[in-house]
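> take this sequence and fold it.
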Amino acid sequence: MQAKTFIQTQIWFSPSDPFRLGPNSSSPINVKPHRRLTVTMSAVAAPKRETDPKKRVVITGMGLVSVFGNDVETYYEKLLAGENGIGLIDRFDTSKFPTRIGGQIHGFESEGYIDRKNDKRLDDNIRYGIVAGKKALENADLGGGKHSKINKLRAGVLLGSGIGGTTVFSDGVKNLIQKGYKQVTPFFIPYSITNAPSGLLAMDLGFMGPNYSISTACATSNFCFFAAAEHIRTGKADLIVAGGTEAPINPALLAGFIACRALSTRNDDPKTASRPWDLDRDGFVIGEGAGVLVMESLEHAIKRDAPIFAEYLGGAITCDAYHMTDPRTDGLGVSSCILSTFEDAGVSMEEVNYINAHGTSTPAGDVAEIRAIKKVIKSTPEIKMNSTKSMIGHSLGAGGGLEAIAIIKAIQTGWLHPTINQFNIDPSVDFDTVANQKQQHEINVAISNSFGFGGHNSVVAFSAFKP
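Got it, this is the predicted structure:
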């Protein structure tokens, strides 16, 4: 399918720079020195998907830690059923907090994935990331000793976190103030930095390829997917474990988000607190967990006879360059990110029929995202859009990872999970939000949106794998 693209550019001129319209034009345009001219050009280009098996990126494993447990199948079954994982926080005393609700993980177990001695020292942010990463490798038929069969110099780990090991950090500060510097644990620095999950998981696995953490707030996971794909496409790696992990439900982080006036205060009814696009939404609900994918080149996956669950088509990253916490009112950062994703993925906007939205349930953010999407994609009955956060809350840097798994399961099953708590939908939202009930839907191309404080935008595209 061909698509016409209009490119607008601004060119500065000096006195010695005559400008001509194309190579066959003999007449220069007279432009005053040191002024600029805005030129609009059109070009016709057909979207072209990657065909080289060395550059095609496929998803061969999924692993998670969530409010619905650590099993991908159970997680998606509960999403399809419209179950709600949000409740009162009981990890610490919240009685004096105006927000007392969250998507808190209960009964987390790491046995079999982290040795007991280290498990007691690690921040939950690290524990979630390591368990999700190892589960993703098991799902990719690389569990146990099987990962020893791959070239570890060409296997990497990109686990991001928006904030890092905040409980280890806040406990260290508390000990410093109350007991003195000698009572600060030697693990204070190593286990609070955002790259700890990537580093420690690689140490466990012996993966010596690309290894780092990206920290772009709530856009983190998608940034990691994008970066991982680029390493594979450029031939720097065969396989990368990528995603996000976050454990922000502690007093310091809860107080910080309350100070930002970002959170819902619907404490008397936690199950309906996260309500993306509903007129009565009053803020997001904080969540936690980890979502991790095993991404590898098609060539590498075929050679080891790996299971292939979906294909990563492409992605893009942009910056609003506008405000620390508020989205651009004109939606330019998001709309340009979506368009760049289409270009990178080799798809046209007409091919997209599912959007897993950022959809956090904030008054300003929800509408801004819709406004930006509508600049690029026209709402039609064929396009479905939902918000996973309506059931699990907003797990910040891990959000995109958990949502990517929801997308891949939707591709596999042909069922979209609902956006729950759709009581009175904002009239500006004219997309089908899969309100309150799951829907059967054959996905052609899906995009996943994630945006973060600092103006970070990230969009990635997935589809079913077709040889």
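> would you map the strands across the stretch 101-250 of the chain?
For the stretch 101-250 of the chain, the strands defined by DSSP state E, counting those that start in this stretch occupy 101-102, 155-160, 239-246.
> spatially nearest residue to residue 207, not counting backbone neighbours?
Here the nearest residue to residue 207 in space, its sequence neighbours aside, is residue 155; by C-beta to C-beta, 6 or more residues apart in numbering that works out to 4.3 Å. Glycine gets a C-beta too; all of them are placed from N, C-alpha and C.
> quickly list the domain ranges of this structure.
3-45, 57-463 (automatic domain parsing).
> output the lowest mean pLDDT helix or strand found in the chain.
The helix or strand of the chain with the lowest confidence, counting by mean pLDDT, DSSP states H and E, is strand 19-20 at a mean of 35.
> circling back: with distance to residue 51 and mean neighbour count added, can I get the domains of the chain in JSON lines?
JSON lines is the format used below for the domains of the chain (distance: least, C-beta to C-beta, whole Å; neighbours: other C-beta atoms under 10 Å):
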{"stretch": "domain 3-45", "distance to residue 51": "16", "mean neighbour count": "10"}
{"stretch": "domain 57-463", "distance to residue 51": "9", "mean neighbour count": "21"}
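> least reliable of the ones you listed by average pLDDT, please.
Looking at the domains of the chain, the lowest mean pLDDT belongs to domain 3-45 (a mean of 41).
> can you map out the helices along this protein?
For the chain, the helices identified by DSSP state H occupy 72-80, 116-119, 124-139, 166-179, 196-205, 220-233, 251-259, 298-303, 332-345, 363-376, 389-392, 399-413, in order along the chain.
> next one: the fourth one to chain centre, how far?
How far helix 166-179 lies from its chain's middle: 30 Å, per C-alpha atoms, centre = their mean, to the nearest Å.
> same deal with the fifth one?
Distance of helix 196-205 from the chain centroid (C-alpha atoms, centre = their mean) equals 20 Å.
> with the first one instead?
Taking C-alpha atoms, centre = their mean, one finds helix 72-80 lying 18 Å from the centre of the chain it belongs to.
> quick one: contacts of it?
Among residues not part of helix 72-80, those counted as contacts by C-beta atoms under 8 Å, 6 or more residues apart in numbering are 62-64, 66, 68-69, 85, 135, 139, 388, 391-392, 402, 405-406, 409, 413, 415, 417-418, 438.
> measure how it sits relative to helix 399-413, angle-wise.
For helix 72-80 against helix 399-413, the angle between stretch directions is 90 degrees (axes from the mean of the first three to the mean of the last three C-alpha atoms, to 10 degrees).
> for stretch 150-165, how far is the first residue from the last?
Stretch 150-165 stretches 31 Å from its first residue to its last (C-alpha to C-alpha, to the nearest Å).
> same deal with stretch 208-221?
End-to-end distance for stretch 208-221, by C-alpha to C-alpha: 21 Å.
> do the same with stretch 114-133
Taking C-alpha to C-alpha, the span from the opening residue of stretch 114-133 to its closing residue is 11 Å.
> let's have the strands of the stretch 101-250 of the chain in a markdown table, adding distance to residue 143.
Compiled in a markdown table, the strands of the stretch 101-250 of the chain are given as follows (distance: least, C-beta to C-beta, whole Å):
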| stretch | distance to residue 143 |
| --- | --- |
| strand 101-102 | 31 |
| strand 155-160 | 14 |
| strand 239-246 | 12 |
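> neighbours around residue 48, how many?
With neighbours defined by other C-beta atoms under 10 Å, the count for residue 48 comes to 9.
> any idea how far it is from residue 55?
Remark: distance between residue 48 and residue 55 (C-beta to C-beta, to the nearest Å) = 12 Å.
> the residue nearest to residue 412 when sequence neighbours are not counted and residue 55, how far apart?
Using C-beta to C-beta, 6+ apart and skipping residues adjacent in sequence, the residue nearest residue 412 is residue 309, 6.3 Å away. As for residue 309, its distance to residue 55 is 19 Å (criterion: C-beta to C-beta).
> now do the contacts for residue 267.
88, 99, 100, 101.
> which ones are touching the second one?
Looking back up the chat, that one is residue 99. Taking C-beta under 8 Å, 6+ apart as the test, what residue 99 contacts is 254, 257, 258, 263, 264, 265, 267, 283, 286.
> just the residues you listed now: which is nearest residue 357?
residue 283 (16.6 Å; C-beta to C-beta).
> isn't the closest one up against residue 362?
Yes - the pair formed by residue 283 and residue 362 meets the contact definition of C-beta atoms under 8 Å, at 5.8 Å.
> shared neighbours, these two?
Looking at what touches both residue 283 and residue 362 (by C-beta under 8 Å, 6+ apart), the common residues are residue 262.
> nearest residue to residue 135 other than its sequence neighbours?
Spatially, and ignoring its direct neighbours in sequence, residue 135 is nearest to residue 63 (3.2 Å; C-beta to C-beta, 6+ apart).
> kindly report the same for residue 370.
With C-beta to C-beta, 6+ apart as the measure, residue 429 is the residue that lies nearest to residue 370, at 5.4 Å, once sequence neighbours are left out.
> go on, residue 222?
Excluding the flanking residues, the one nearest residue 222 by C-beta to C-beta, 6+ apart is residue 458, at 3.5 Å.
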